[in-house]
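In: can't give you the sequence, but here's the structure:
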């Protein structure tokens with residue numbers, strides 16, 4: 001089955017490629033070592049498979065993800081949607097600095113253009129809210145670059161309704177990107193209805209919860225030093241163990257089915273009409289193929305699976 005999505009005026013495959021998987025050894029936010037040649041080959045394989053949306057940010061490999069995407073997609077640049085973000089930078093000692101200061105916003109945009117080796121960025125996000133800086137201030141900077149054609153479209157990541165309203169005073173916000181998966185459904189209550197009302201697209205990150213929602217997660221796995229899950233405070237062993245246990249308990253609902261937990265996680269996200277594209281990071285062709293196969297069957301799987309309410313209720317126990 002051919003599945004397509006309308007995204008920023010283009011008809012694209014609903015899977016967006018997550019660039020954080022391309023550059024772990026560079027530092028920052030990443031998921032383990034991958035050579036430059038393997039990264040470029042994987043990106044080109046994704047393109048040949050039909051993917052046209054490629055998401056990155058400076059913090060992914062401290063710029064290395066953007067450089068590798070730029071190299072891989074150079075010859076097909078105008079046929080792709082390249083995404084980057086401002087707001088998460090770093091000091092000389094690589095200590096992360098989160099700010100939406102307008103000067104930093106402009107600096108990060110110009111650096112991303114250089115890293116991608118491109119004259120324009122299709123979609124540029126403000127990565128996170130910053131309570132110290134009114135969202136309208138960095139948006140004023142980005143809007144000027146949009147007028148020049150350096151940015152084609154603007155969006156907000158991990159946002160809230162207050163910032164969305166303020167941002168739209170400055171320019172058109174066309175996409176919101178936030179975490180959304182079977183464990184984290186917080187955007188369903190307020191954000192989704194708002195986006196549908198004002199016609200803003202939604203991208204889900206954390207679609208497979210960094211591997212937990214594949215149903216294949218190995219608790220004995222030892223992460224590379226370059227994998228942020230090895231030492232990040234948000235990747236708590238106790239939380240992961242509880243999530244894996246809940247997922248394992250839910251596998252009983254798959255008895256007699258010809259699909260797996262990846263299929264469920266993908267079809268759950270895609271069935272929401274507020275969602276346009278699922279963002280997933282992969283490090284090999286086999287996982288990419290698996291996700292694309294899940295997307296191809298997402299509609300029939302969602303209709304066939306009769307235990308959605310039980311599944312959501314059970315996984316919600318993680319927050320109890």
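Out: Cool, the structure landed. Keep in mind that what you see is a predicted model, and the values were worked out from it rather than measured.
In: where are the low-confidence patches of this structure?
Out: Along the chain, segments meeting pLDDT under 70 span 1-2.
In: for stretch 99-113, the distance to its chain's centre please.
Out: 20 Å (CA atoms, centre = their mean, to the nearest Å).
In: Identify the residues contacting that stretch?
Out: Applying CB atoms under 8 Å, 6 or more residues apart in numbering, the external contacts of stretch 99-113 come out as 56, 58, 63, 66, 84-87, 89, 97, 119-121, 124, 126, 128-130, 132-133, 135, 137-138, 140-142, 145, 150-151. All C-beta atoms are positioned from the backbone trio N, CA, C, and that covers glycine.
In: Just the buried positions in it, please.
Out: Going by neighbour count (16 or more other CB atoms under 10 Å), the buried part of stretch 99-113 is 99-102, 104-106, 108-109, 111-113.
In: same thing with stretch 178-193?
Out: Buried-residue list, stretch 178-193, by 16+ other CB under 10 Å: 178-185, 187, 191-192.
In: I'd like these as a markdown table, with secondary structure and distance to residue 159 appended.
Out: Listed next are these as a markdown table, based on DSSP: H, G, I helix; E, B strand; the rest coil; distance: CB to CB, whole Å:
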| residue | secondary structure | distance to residue 159 |
| --- | --- | --- |
| 178 | strand | 7 |
| 179 | strand | 12 |
| 180 | coil | 13 |
| 181 | coil | 18 |
| 182 | coil | 21 |
| 183 | coil | 20 |
| 184 | coil | 15 |
| 185 | coil | 16 |
| 187 | helix | 10 |
| 191 | helix | 8 |
| 192 | helix | 13 |
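In: would TSV of those residues with distance to residue 206 be doable?
Out: Listed next are the buried residues of stretch 178-193 as TSV, based on distance: CB to CB, whole Å:
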residue	distance to residue 206
178	9
179	4
180	7
181	5
182	10
183	8
184	7
185	11
187	11
191	14
192	16
